[in-house]
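1. Give me a 3D structure for the following:
(2 chains)
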Number of protein chains: 2
Amino acid sequence: MNTLEAVFDSLRAAHVELALHNRQKKDAALAGAMAAIDADRAAILAANSADVERARSGGMKEALVDRLLLSGKRIDDIIEGIAAVIRLDDPIGKVKAGWTLPNGLLVEQITVPLGVAAIIYESRPNVTADAFSLAYKAGCAILLRGSSAARESNRALAEAITRGLGEAGGVPGAVALTGSESRDEVDLILNARGRIDVVLPRGGRDLIRRVADNARIPVIETGEGNCHIYVEPGVRMDQAVEIIANAKLQKPGACNAVETLLVRRDALSALMPLLAEHLAGKAELRCDGPSKAAVSASGGLPAGLVLKDAVEEDWPAEFLDYILAVKTVDSLDEAINHINRYGTRHSEAILTNDLRAAEEFCRRVDAACVYTNTSTRFTDGGEFGFGAELGISTQKFHARGPMGLEALTTIKYRISGSGQIRQ
Amino acid sequence: MNTLEAVFDSLRAAHVELALHNRQKKDAALAGAMAAIDADRAAILAANSADVERARSGGMKEALVDRLLLSGKRIDDIIEGIAAVIRLDDPIGKVKAGWTLPNGLLVEQITVPLGVAAIIYESRPNVTADAFSLAYKAGCAILLRGSSAARESNRALAEAITRGLGEAGGVPGAVALTGSESRDEVDLILNARGRIDVVLPRGGRDLIRRVADNARIPVIETGEGNCHIYVEPGVRMDQAVEIIANAKLQKPGACNAVETLLVRRDALSALMPLLAEHLAGKAELRCDGPSKAAVSASGGLPAGLVLKDAVEEDWPAEFLDYILAVKTVDSLDEAINHINRYGTRHSEAILTNDLRAAEEFCRRVDAACVYTNTSTRFTDGGEFGFGAELGISTQKFHARGPMGLEALTTIKYRISGSGQIRQ
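-> Below you'll find the model as predicted:
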């Protein structure tokens, strides 16, 4: 048997065992993992240094090296992330609904673990600990398939976690790293029907597409975000500018950052000069004709403003950069149609004081999160109060929007009788 | 563009329109479909006669012809099925949860339609109306891919439904039959990523497996049921026999019928003679050594009993027939392991008076429905009080167990703010 397939089997066995652990046992095991990571700081940092050195000598961009890099502070954050998961309620064993049938049968709908999950992710080593701790709390075993760039860091983290689980009476086999980072491994995972219950790709668009296109097991697609903000007249334009700037500038590489601004024609003159002034030197504007004209209508351009002409390719683009496309629309209807055509069903916002428009926007825009008068940047498990997140689902099946523990659960019906037979 | 792909697009457009209809509009349209089916009885029966004649002349078995056959009474049932869906609550627009964040943002989780569904089903024409009415109520458009055997019946039904929807102010384009019953069509459906949101195979094991193995869109696997009843000593054996007989005999072709009986060794002598007497002439027993010996221990075999030796192939078998396999186990643990090895995660029962055993069985058996002291035959949307069902999901992802309207919904987060930005 292939080595990885043996890992699938041991994960299944570990899940079966872990599924019977109560919250106290699971939290104690997670605390064990925390303590082991804390104890292994030196080894983890040394392993990470090796990864970073290899990355730099291979010519990795510093922005990407930064995602890979660990520090004492970042290890503190990883440990605190596990502590946050410990504080979360147990998602398992909740009676979601229950009722008694006319014949006296009691039917209860109870949450149970989904089973064995796999996560395929790119360079951040913190995902190793985050994904493990969420899966463990949900009674799921997890297969971690990190990137080759983070190989040593992930190994050191996984070793600490496994040892910590064992020392604290947990199920060490509930977490496993794949042995290499080959494409063959990904293919084996994507074809592991009946052995892996869900695969979560976390990373860039190409990774997500490749997994979604090739998986023969359930996938939760995450993260691709071409998000819009649509502005109507009648709002406080200084507030609108603040919201747009927040959605664009606070973390442009995030999937919930705004990429295209839609402005109703009769709001252009009030919004665009203020916005251009605010974004000058901070983000490039790619404007269609009317919005470009509105920027300069009130006089000269602000110093430092990069102002370009928008092209068709800008509308579907997820820039993940300090770039904002701007398109003029004549109506709410046009804005909604643009979003439903080009958006990725992630996070979409309307800034308006028109109640009917807000209602219609929220009803007709097809997205995981629809916002009124606030920034798209709030689409996040932490912000929503979920404590931690596995990612943001952009699909409709099984899980949608920020995913907390619940995405790793399913239900079981328990029916209690006293001799009933079906008539 | 391929004709079927044009149908995908028109279904999408119909779903977008239908998603905005409130319950009153949807129920009025469903009533229109009911009235049109009622008005078209003669045409539907004539079309069905043509199908039946073709089936018989092609040598179809009478049991299958019966599944295909419509009658005045069966059309009444189809109409009543739509009436039942009309009486169901609207699954759309429910606020499942809502909370206010520390910064004042109101977050609401609201149910919305899943989108466009496809169903691939075998000969029963009533599925045409059932699937349509459930999908319509959930705001989903549906593509119906019936069997060639039911071609004329399905066409006549779909024509009536479409006309009825139009006459009652509904969205006639929300339902479409595929143009033929070719395999190519199925392939197009299974590859319609981004165009069809879920495919439901309803029929035999081969169909379900083929769809699940080949789909590149979300699937809900339904119906495969190798169900078990496990009997411990200490229960009223007359009641146990009644439950087992109900689970085996009431509808042996149903997926929730019992296929294998597991008997704890120390319950054999009390159970087997009674059971053999009850099932003699009604169902064949395929027993392992100890259970076979127990049947005849008290004297001669009951008249008419068919008693065979069980073989390994009987344990994974879904007989869908008047056949019951019987296996002796030495412990609850052995019973649970047998079920988790051979079962299809559908419906599993324990008959016991031991509270600890009942708890352990229900926790450790991995199935959509776990039963204590009652028949497995209750796994059914109607019995559970869902009013109607799309099928019984044997998977853990998105939907599990009897599926009512909720399986065709997803959620959307609506976030209402007053200028908040992310810190």
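
2. Report the separation between the nearest residue to A:Val306 once chain neighbours are set aside and A:Ala174.
-> Leaving aside its sequence neighbours, A:Val306 sits nearest to A:Glu284 (CB to CB, 6 or more residues apart in numbering or on different chains; 4.1 Å). Using the backbone N, CA and C atoms, a C-beta is placed for each residue, glycine as well. Using CB to CB, to the nearest Å, A:Glu284 is found at 46 Å from A:Ala174.

3. Among those two, which residue is more densely surrounded?
-> A:Ala174 (28 against 15; other CB atoms under 10 Å in any protein chain shown).

4. Over to the closest residue to chain B within the stretch 201-350 of chain A. Which of the three states is it?
-> Of all residues in the stretch 201-350 of chain A, A:Asn246 sits closest to chain B, at 3.7 Å by CB to the nearest CB. Assigned with DSSP: H, G, I helix; E, B strand; the rest coil, A:Asn246 falls in the helix class.

5. Angles on the backbone of the closest residue in space to it that isn't next to it in sequence, please.
-> Spatial nearest neighbour of A:Asn246, excluding adjacent residues (CB to CB, 6+ apart): B:Ile421 at 3.7 Å. Main-chain torsions, B:Ile421, degrees, to the nearest 10: phi -130, psi 160.

6. To what extent is B:Ile421 buried, counted in neighbours?
-> Neighbour tally, B:Ile421, other CB under 10 Å: 18.

7. One more: A:Pro316?
-> Neighbours of A:Pro316 (other CB under 10 Å): 14.

8. looking at it, it is touching A:Tyr342, isn't it?
-> Yes - A:Pro316 is within contact range of A:Tyr342, at 5.0 Å (criterion: CB atoms under 8 Å).

9. what about the strands in the stretch 201-350 of chain A?
-> A:227-231, A:258-264, A:284-287, A:307-309, A:323-329, A:347-351 (DSSP state E, counting those that start in this stretch).

10. Read off the pLDDT value for A:Asn2.
-> Here the pLDDT value assigned to A:Asn2 is 65.

11. And A:Ala267, how far from A:Asn353?
-> From A:Ala267 to A:Asn353 the distance is 11 Å (CB to CB).

12. Sorry, slip of the keys, the one I care about is A:Gln24.
-> 51 Å.

13. These two: which is more packed in?
-> A:Asn353 (12 against 9).

14. how about low-confidence regions in the stretch 1-150 of chain A?
-> A:1-2 (pLDDT under 70).

15. Close to chain B: what parts of it are there?
-> Counting by CB under 8 Å from any CB of the partner chain, the stretch 1-150 of chain A comes close to chain B at A:Val16, A:Leu20, A:Trp99, A:Leu101, A:Leu105, A:Val107, A:Leu114, A:Gly115.

16. ok, 10 Å please
-> Counting by CB under 10 Å from any CB of the partner chain, the stretch 1-150 of chain A comes close to chain B at A:15-16, A:19-20, A:93, A:99-110, A:112-115.

17. now, which of the residues you listed lie within strands?
-> With DSSP state E as the criterion, strands contain A:Trp99, A:Thr100, A:Leu106, A:Val107, A:Glu108, A:Gln109, A:Ile110, A:Val112, A:Pro113 from among the residues of the stretch 1-150 of chain A next to chain B.

18. Just the buried ones out of those, please.
-> If you count burial by 16 or more other CB atoms under 10 Å in any protein chain shown, the buried members of those come out as A:Val107, A:Glu108, A:Gln109, A:Ile110, A:Val112, A:Pro113.

19. any idea how far the second one lies from A:Arg23?
-> Here the criterion is CB to CB. By it, A:Glu108 lies 19 Å from A:Arg23.

20. now the first one
-> With distances taken as CB to CB, A:Val107 is found 25 Å from A:Arg23.

21. now do the fourth one
-> Separation of A:Ile110 from A:Arg23 (CB to CB): 15 Å.

22. so A:Asn126 sits right up against A:Gly81, yeah?
-> Yes - in this structure A:Asn126 lies within contact range of A:Gly81 using CB atoms under 10 Å: 7.0 Å.

23. list the residues that contact both of A:Ala267 and A:Asn353?
-> Common neighbours of A:Ala267 and A:Asn353 (criterion: CB atoms under 10 Å, 6 or more residues apart in numbering or on different chains): A:Glu232, A:Pro233, A:Gly234, A:Val235.

24. hey, C-alpha coordinates of the lengthiest strand in chain A in PDB?
-> The single longest strand within chain A, with elements called by DSSP E, is strand A:409-420. What follows is strand A:409-420, C-alpha atoms only, in PDB (Å, rounded to 0.1, in the frame of the first residue of the first chain):
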ATOM      1  CA  THR A 409     -19.500  19.000  11.600                       C
ATOM      2  CA  THR A 410     -22.400  17.100  10.200                       C
ATOM      3  CA  ILE A 411     -25.500  15.700  11.800                       C
ATOM      4  CA  LYS A 412     -26.900  12.400  12.900                       C
ATOM      5  CA  TYR A 413     -30.500  11.600  13.600                       C
ATOM      6  CA  ARG A 414     -31.000   9.700  16.800                       C
ATOM      7  CA  ILE A 415     -34.400   8.000  17.100                       C
ATOM      8  CA  SER A 416     -35.600   6.600  20.400                       C
ATOM      9  CA  GLY A 417     -38.500   4.200  20.400                       C
ATOM     10  CA  SER A 418     -40.300   1.700  22.500                       C
ATOM     11  CA  GLY A 419     -41.300  -1.000  20.000                       C
ATOM     12  CA  GLN A 420     -42.900   1.200  17.300                       C
END
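
25. Could you list the paired strands of that strand along with their orientation?
-> Here strand A:409-420 has these sheet partners by DSSP bridges: strand A:106-113 (antiparallel), strand B:369-374 (parallel).

26. The last one - what's its average pLDDT?
-> If you average the pLDDT over strand B:369-374, you get 98.

27. For A:Gln395, give me phi and psi.
-> phi -110, psi 170.

28. likewise A:Met403?
-> phi -110, psi 120.

29. my read is A:Ala55 is in a strand, agree?
-> No - under three-state DSSP, A:Ala55 sits outside any strand and is assigned helix.

30. Give me the domain ranges for chain A.
-> Chain A resolves into domains spanning A:3-222+A:390-416, A:227-383 when parsed by automatic domain parsing.

31. circling back: mean neighbour count, the strands of the stretch 201-350 of chain A: which tops it?
-> Of these, the one with the most neighbours on average (mean count of other CB atoms under 10 Å in any protein chain shown) is strand A:347-351, at a mean of 31.

32. so A:Gln239 makes contact with A:Asn373?
-> Yes - look at A:Gln239 against A:Asn373 with CB under 10 Å: they come within range, at 8.0 Å.

33. still on that earlier bit, contacting residues for the residue nearest to A:Asn246?
-> Counted by CB under 10 Å, 6+ apart, B:Ile421 has contacts A:239, A:242-247, A:250, A:374-375, A:377-378, B:103.

34. okay, those residues in TSV with neighbour count and distance to B:Ala168 next?
-> Converted to TSV, the contacts of B:Ile421 look like this (neighbours: other CB atoms under 10 Å in any protein chain shown; distance: CB to CB, whole Å):
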residue	neighbour count	distance to B:Ala168
A:Gln239	16	46
A:Glu242	17	49
A:Ile243	27	44
A:Ile244	28	45
A:Ala245	19	50
A:Asn246	21	47
A:Ala247	30	44
A:Gln250	15	50
A:Thr374	27	40
A:Ser375	30	43
A:Arg377	26	45
A:Phe378	27	41
B:Asn103	14	46
